[in-house]
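1. let's see this in three dimensions:
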Amino acid sequence: QVQLVESGGGLVQPGGSLRLSCTASGFTFSIYAMRWYRQAPGKERELVAGISNTGGSTSVSDSVKGRFTISRDNAKATVYLQMNSLKPEDTAVYYCRAHSFSLGIEYWGKGTLVTVSA
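-> The predicted structure is shown next:
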């Protein structure tokens, strides 16, 4: 059974840090590129960060550049999102997505809530 399970969300004060994890099972994690998305209340889902299957290529959106870092550990079938200098506008449900262009397959996790508030 394919699963992507996000964890690490919670309540944090502005300026604080969190590290999100997304652990995969049921498919060959190492051949899939991974992305983190977020969806704030009343807003559309937006792409936050992406990483290639090997981890050799990463990207982050302009809104989080310099604050968020994406990484992965293929041996643990896990992708991470390190979030520093958090702002109230980072409050959202964060989702991970696995996708393979060659196979035309994607999987989504159910999300983890991050709330940035004093």
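
2. now do the spatially most central residue of the chain, the pLDDT please.
-> Nearest to the mean C-alpha position of the chain, by Cα atoms, centre = their mean, lies residue 36 at 3.0 Å. Predicted confidence (pLDDT) at residue 36: the value is 98.

3. checking it next. Helix, strand or coil?
-> strand (DSSP: H, G, I helix; E, B strand; the rest coil).

4. shift numbering so it begins at 186
-> With 186 as the first residue, the last one maps to residue 221.

5. that one: what's it in contact with?
-> 205, 207, 232-235, 255, 264, 266, 279-282 (Cβ atoms under 8 Å, 6 or more residues apart in numbering). To be clear about C-beta, it is placed using only N, CA and C from the backbone, and glycine gets the same treatment.

6. mind redoing it with 7 Å?
-> Residues in contact with residue 221 (Cβ atoms under 7 Å, 6 or more residues apart in numbering) are 233, 234, 255, 266, 279, 281.

7. farthest pair within those residues?
-> Longest distance between any two of the contacts of residue 221 is 11.5 Å, between 255 and 279; criterion Cβ to Cβ.
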